[in-house]
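I would like to see how this sequence folds:
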Amino acid sequence: MKDVLGFESCWTLFFVCALVPLPARSDITCTSCFAPIRRNEAHAKPTAFISRDFGSAPDGSTYKNWKWRLDGAQLSSEAHKKSSFVSWREKLQNAHISRAERTSPAEEKDEKVYPTKDTQMNKREKRSLFPPDSAAGSRFEFRRTGGVEGTGKSPRQNEPHLITSSFALSGDSAHNQAMVLWSGHNSSVILILTKLFDFNLGTVTESSLWRSVDFGTTYEKLTDKVMIRTMLSYLYVCPTNKRKILILSDPEVESSLLISSDEGATFQKFNINFYIMSLLFHPTQENWILAYSHDQRLYSSVDFGKKWILVHERVTPGRFYWALSGLDKEADLVHIEARTDSGQMQYITCRAQKCSEEGRQYPFSGRIDTNSLVVQDQYIFLQLTTAGRTTYFVSYQRGPFRTIQLPKYCLPKDMHIVSTDEGQVLAAVQEWNENDTYSLYISDTPGVYFTRSLPNLRTSRGLAGNLIVDVYKVAGVSGLIIANKKEDAQMTTYITYNKGQTWSLLQPPTKDTTGHDINCNLPSCSLHLHLQMSENPYTPDTISTKHSAPGIIVATGVLAKSRISLDEGRQWDKLSFSSTPLFVDGVLMTPETENRIITFFGHFSYHSDWQLIKIDYSSLFGRKCTDGDFQTWHLHNKGEVCVMGERQVYMKRKPGTRCTLGREYSRVVSAEPCICTLYDFECDYGFERQASGKCAPAFWYNVNLPAHTCSHGQHYRNSTGYRKVLLNNCREGLKDTLSPRMQQCKPIAPSGLQLSTINSQLTAVLGTNITFRVALQNGDSLSTSLHVDFGDGISVSYSNISRLGDSITHMYRVAGIFRVTARAQNSHGSDSSSLYLHITSPVERIFLSAPVVVIRGKEANLTAVLWPSQPRTATFYWWFNNSTEPLITLEGSVSHTFTQEGPNSVTVQVSAGGTVLQDVKIITVKDFFRSLLLSFSPNLDEHNPSVAEWRQDVGRVVRATLSQVCGFPEDQLLVSVFPGSPTAAELFILPETNQSAFRSHTEEQLDKARTTHTRAY
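Have a look, this model is predicted:
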C-alpha cells in the first residue's frame, strides 16, 4: 500500500489496540477541496513502536533485552538533524494556567475549537486516536491487492477473515466536514452529520444527518424527513445517557436546538434566543447543561436544553465548571470566572438556576488574572499578577486558598497544569530563563509545595495559541511518565518509572522489521517517540495506552507497510477492505462494548460522496479465553523488579492466542511491597538532587526554621530532605531513615511577618471593604499575639495568630492616606510590617480659584477647590500659558509670579480615585490697575443658580452697561462675579495697552474713572 499521509502508523495503532475500545466519536474536516500534503522524500516513514511491560521478555523472564519492537525505527541520536514540529491540536487551553476540557462546537468563524470531554487526559481519560477537534481531516489511501469488494477475502491463505460492508452517503459529495457518533454502550445506532462550511461566508450552507441502526451497515438520511429546512451545525450526545442527542442549528439561518431522547429516532425542535458557542454537560445529572453564548453570557438548563436561564454575564470563555460530587456542597453549583463592573476578573460560585447577586459567593477575595481559574478534580487554581510578578494559589478539597510554593528563584513566567489525578499535581512551569521550553514540577498532596522533576520540556503553541506540553502519563501502571526534552536544539525522549524521581533515555530496539541489526546504543543513540505533538498537523495522537492493557504502549515514530497484529506486534498480517483506493477521513470504534466493529469513513476521490466501510472483526476471536490461554509476566524497569515500591505480576494471553477476555477479566495476579531504597524517594521542597543522587538543601532554604504552627512544647515533622514518591508502596528499608523526623518545637521570636491587601493593591475606594492578609513565616503562632492598627484610629488585637483565620476586613469612613501596621510579639521578641494605603473617592467637580487681574512680577495665589474634598489623596498638575511640562503638586494651592503682560492662561488638572478633571482660567497681567467692589439688589439672589456660566453672563452684562453709561472703553473693564450669596462682584479698570511709560498720568485717569463709575453705579 502507498503511504499518502502516514496512515500506516494510525492503522497499526488501531489494530494493536483492537481489544482496547476507544471513544466512539470523531469530528473530521475532510480535505476534498485541498490537494494532499506531500512529505519530504528524505524523511523516514512513521513507525509504530510497541512495548510490553517496559522491558520484560515475552516469556515472562526479566533479563532479556526485549523492550521495543518496530517496523523501521526513528532513533534520537547526536547525528539527527533538527526537525520542525507542528501540532494538530486546536484546543483552547490556558496560555496561563490550563483548564479542564469541555464539549463545544467547532467555531469555524473565529477559528476556535474547544476541546471535548472525550479528549481529556488522565482521570477523564478517553483519548481518541482521531481527536474530536482535529483540523482538516487526514487522507489515507487503501489499495486492494485482490478479493471482492465488501467481502474482505484474503489474497493470501493466512490473511485473517473479516466481514466488511460499505455504504455511500449519496448527495453529500460537496460536504467538507463530518461528525460521526456512536450512540452508546452496546448500541447499534450511529449518527453522522455532514455539512458544507463556506469559509468565505463563515457559515454552514448545506447539512445532512444520517442514522444507522445496524452498526453502520446501512444509513437513513433524516434531513429528508424531519429537518428539511433546518441547517445543522453541531452534534452532541449526553455523556451520562447516550440515548439523548442534541443538535445545534446554524445561527446564521436560525437559532434552535433539535433534541432526541431515543438515539435520534425522533427529534423535537426548540427555538433559543442566543448563539451557543460551547456546552458543558453535568458529570452526573443527564439533563443539566451549561451553554456559553457568543456575547460572553452563561446559561443553564435542567431539562436537556428545552428551557434556558441566564446564569451570569461577562464570563471568560471556557472558564466555567460544574460541581464535583463529594467536594462541592450543592450538585448544581457552578464555578465561574467573570468580569466585574469595574473591569476586573473575579472567581464566583453560585447555583445554576439561582445566580442572582444575593446567591453569589466569592471564595477568593479580590481580583484574579484573566484566564486563570482552573477547577480540576480536588483542586482549584488561580493566579494574580502584580508589579510584573505572578503569584499562584491553590485550594485543595475546596479548602482555603494557599500560595503555591515553587523554588525561590524559579520566578515563573507561566504555569500549565498537566494533571491532577492520583492526589498530586503535575505542572509545566516556564522559569525566568526559559523561552520555548518549560520545566516539569511535581507537588505534594495539597498541591502547595512543588519540586522540579525535569527541565527543558518540549512545548509549542496550537493554532489557537494554546500551550501544548510534550509529556504523557502512561495508563495502567502508576508512576510511569514519558516526556520529550529539548537538548542542544534536538528532541530526546525520557521515561520515568517513579513519578519523576529519576529519568532515563529509552532503550532502542535491536532489529528492524527485516531482521537486520540496528546500530544504536545508549547514551549516544536512543529511541525517540512522538507524544503530544506530531510532525504532521493532520495526524492523530501518536501514543496510546489503556488501563485495561497495563504494560502495553503503542507509539509512533516511523513505519513501513500497513498491517494488522493480534499478538502484540510479533507477527503482522496484511488486510484489504476495498477494491478502490479510499482516502480515509476518520475511524470510529465503540468504547467499552463487546461489539468488535470498526467504521472507516472517507472518499474514493476528491469529489465523491462520503464512503463508509464497516469492518466486523469478531470472527478473529472464536471463543472466550480459558485459564490455559494465559501466562504470567512481571512488570519491571530494566531488570529492576520493584516498580513504585512493589513487585507486580500480571496475567496476559499467550502469544498467538485468539480469544476474548471478557469485561470481568482481572489482570493483576499479585503485588508485593519491596524494601524502600533511595530510588523510592524524591527531594523535598527546598532540596536539590546532587550528582551523588542524594538531596541537599538549596542555598536559599533555611533548614533550621520550623513551621510557624509549631508551638513550644509540641513536636513537628522536620524534613530530612526527602519525601516518598506518592503512591509508592515500599516498606521498611530506608523508610524510617528518610522519612520526616519528629522534633520538639524550639521557642523563637517571630520573624518574616508579612502584611498585604488581598489583591496586593495599595489603593481602595472610600466605603468599600478592604481585606488584609497577615502571614508569619517563622515563630510560634499559638504563643504570638498580633496587633493591627489601621491608621484611622481603629485597631484590632488577637491573642495568638492562629485565631486570625485567612484575613482581616476593614472599611474606612474618610478619604486619605493611612499607615497600616501589623505587629507580632511573644516572650522572645517581636516583628512588624507596615504599608501605606490610599483611600480615595471619585472627584465630582473642580474649580480654579484665581484673581482676575494680577500685578506683573508679584506672586499670585491659585487654589483648586474640589467636591468632595480629597485630603492627601489627589495629585494636581499645573500648566501656565503654553508650557508643556506641568508643575505637579500634592496640594491644591500654588503661588506663581507672572512676567508677561496681557492675558495668561492657567490650566489645572486633578487626579483622584481613578478620575481626572480639569479647569482653565484666563488671568490678565498688568503693571497697575484699579478695582471697585460691586453689590446688587437682594432680588437678584432669587435668580442666582450658583453656576459659573450664570456668573460669567452677569459680569458681561454689568461690564457692557457700565461702559455705555460712563463712556469708558469696554476692553478696559473686567467684572468678576463672586460665587455664593448674596451676589457681589469686583470691577477692574485697566490701563490702555503699553502705558507703562506714562504710569503717573494713567493712574490719574484710572482714579477719575473709578470715581465716575462709583457715581454711576
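
need the contact list for the residue nearest to residue 325 when sequence neighbours are not counted.
The shortest distance from residue 325 to any non-neighbouring residue, by CB to CB, 6 or more residues apart in numbering, is to residue 284 (6.1 Å). C-beta here means a position set from N, CA and C on the backbone, and glycine is covered the same way. The contact partners of residue 284, taken as CB atoms under 8 Å, 6 or more residues apart in numbering, are 240, 325, 331.

give me the buried entries from those.
Neighbour counting by 16 or more other CB atoms under 10 Å classes residue 331 among those as buried.

quick one: residue 965 is in a helix?
Yes - Residue 965 sits within a helix when classified using DSSP: H, G, I helix; E, B strand; the rest coil.

residues in contact with residue 429?
406, 410, 412, 414, 415, 416, 438, 439, 441, 450, 452.

which of those residues tops the neighbour count?
Neighbour counts for the contacts of residue 429 (other CB atoms under 10 Å) peak at residue 438, which has 28 neighbours.

for it, grab phi and psi.
phi -130, psi 170 (degrees, to the nearest 10).

ok, it touching residue 471?
No - at 9.1 Å, residue 438 does not count as touching residue 471 under the criterion of CB atoms under 8 Å.

name the element the residue nearest to residue 325 belongs to?
Following DSSP states H and E, one finds residue 284 outside all helices and strands.

distance-wise, check it relative to residue 331.
7 Å (CB to CB, to the nearest Å).

now list whatever residues contact both of those two.
residue 325.

residue contacts, residue 850?
Counting by CB under 8 Å, 6+ apart, residue 850 touches 860, 862, 863, 906, 921, 923.

mutual contacts of residue 438 and residue 471, please.
Common contacts of residue 438 and residue 471 (CB under 8 Å, 6+ apart): 428, 457.

any idea whether residue 217 is helix, strand or coil?
Of the three states, residue 217 takes coil according to three-state DSSP.

now it: closest residue in space that isn't a chain neighbour?
In this structure, residue 217 finds its nearest non-sequential neighbour in residue 165, 5.2 Å apart by CB to CB, 6+ apart.

surely that neighbour is in contact with residue 215?
No - between residue 165 and residue 215 there is no contact under CB under 8 Å: 9.5 Å.

what do the two both touch?
Common contacts of residue 165 and residue 215, defined by CB under 8 Å, 6+ apart, comprise residue 614.

for stretch 582-592, output the C-alpha coordinates as CSV.
Output of stretch 582-592 as CSV, limited to C-alpha atoms (Å, rounded to 0.1, in the frame of the first residue of the first chain):
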residue,chain,number,x,y,z
LEU,A,582,-10.0,5.0,-0.3
PHE,A,583,-8.9,8.3,1.3
VAL,A,584,-9.8,7.9,4.9
ASP,A,585,-11.0,10.9,6.8
GLY,A,586,-11.7,9.2,10.1
VAL,A,587,-12.0,5.9,12.1
LEU,A,588,-14.7,5.1,14.6
MET,A,589,-14.6,2.4,17.3
THR,A,590,-17.2,1.8,20.0
PRO,A,591,-15.9,2.3,23.6
GLU,A,592,-16.4,-0.2,26.4
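
what are the buried residues along it?
By 16+ other CB under 10 Å, the buried positions in stretch 582-592 come out as 582, 583, 584, 585, 586, 587, 588, 589, 590, 591.

tell me which two of the residues you listed sit farthest apart.
Largest separation among the buried residues of stretch 582-592 by CB to CB: 583 and 591, giving 25.4 Å.

that older thread, save the contacts of residue 429 as TSV, and put in secondary structure too.
TSV is the format used below for those (three-state DSSP):
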residue	secondary structure
406	coil
410	coil
412	coil
414	strand
415	strand
416	strand
438	strand
439	strand
441	strand
450	strand
452	strand
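
turn these into CSV, including distance to residue 635 and pLDDT.
Shown next, in CSV, are the contacts of residue 429 (distance: CB to CB, whole Å; pLDDT from 0 to 100):
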residue, distance to residue 635, pLDDT
406, 33, 95
410, 34, 93
412, 36, 94
414, 36, 94
415, 33, 94
416, 30, 94
438, 30, 95
439, 28, 95
441, 27, 96
450, 28, 95
452, 27, 94
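
make a markdown table from the residues you listed and add distance to residue 659 to it.
Formatted as a markdown table, these follow (distance: CB to CB, whole Å):
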| residue | distance to residue 659 |
| --- | --- |
| 406 | 51 |
| 410 | 53 |
| 412 | 52 |
| 414 | 50 |
| 415 | 48 |
| 416 | 43 |
| 438 | 45 |
| 439 | 46 |
| 441 | 44 |
| 450 | 47 |
| 452 | 47 |
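
and which of the residues you listed is nearest residue 627?
Out of these, the member with the shortest distance to residue 627 (by CB to CB) is residue 441, at 45.5 Å.

any idea how far that closest one is from residue 165?
Applying CB to CB, the value for residue 441 to residue 165 is 51 Å.

give the other helices and strands that the helix or strand hosting residue 279 contacts.
Per DSSP H and E, residue 279 falls inside strand 276-281. Counting contacts by 3 or more CB pairs under 8 Å, 6 or more residues apart in numbering; DSSP states H and E, strand 276-281 packs against strand 289-293, strand 315-322.

and with 6 Å instead?
Applying 3 or more CB pairs under 6 Å, 6 or more residues apart in numbering; DSSP states H and E, one finds that strand 276-281 makes contact with strand 289-293.

the strand it packs on - which strands sit beside it in the sheet, and in what orientation?
Here strand 289-293 has these sheet partners by DSSP bridges: strand 276-281 (antiparallel), strand 298-301 (antiparallel).

closest one to residue 248 among the ones you listed?
Nearest to residue 248 among the strands paired with strand 289-293 is strand 276-281; the distance by CB to CB comes to 5.8 Å.

quick one: contacts for residue 506?
Counting by CB atoms under 6 Å, 6 or more residues apart in numbering, residue 506 touches 493, 495, 526, 527.

identify the residue nearest residue 346 in space, chain neighbours excluded?
Leaving out its chain neighbours, the residue that sits closest to residue 346 by CB to CB, 6+ apart is residue 340, at 5.5 Å.

pick the one among the contacts of residue 506 closest to residue 847.
Closest to residue 847 out of these is residue 493 (72.5 Å), distances taken as CB to CB.

now the helix or strand harbouring residue 472: mean pLDDT?
Element membership for residue 472, per DSSP H and E: strand 471-473. Computed over strand 471-473, the mean pLDDT rounds to 90.

now tell me what touches it from outside.
Strand 471-473 is touched from outside by 122, 418, 419, 481, 482, 483, 531, 543, with contacts defined as CB under 6 Å, 6+ apart.
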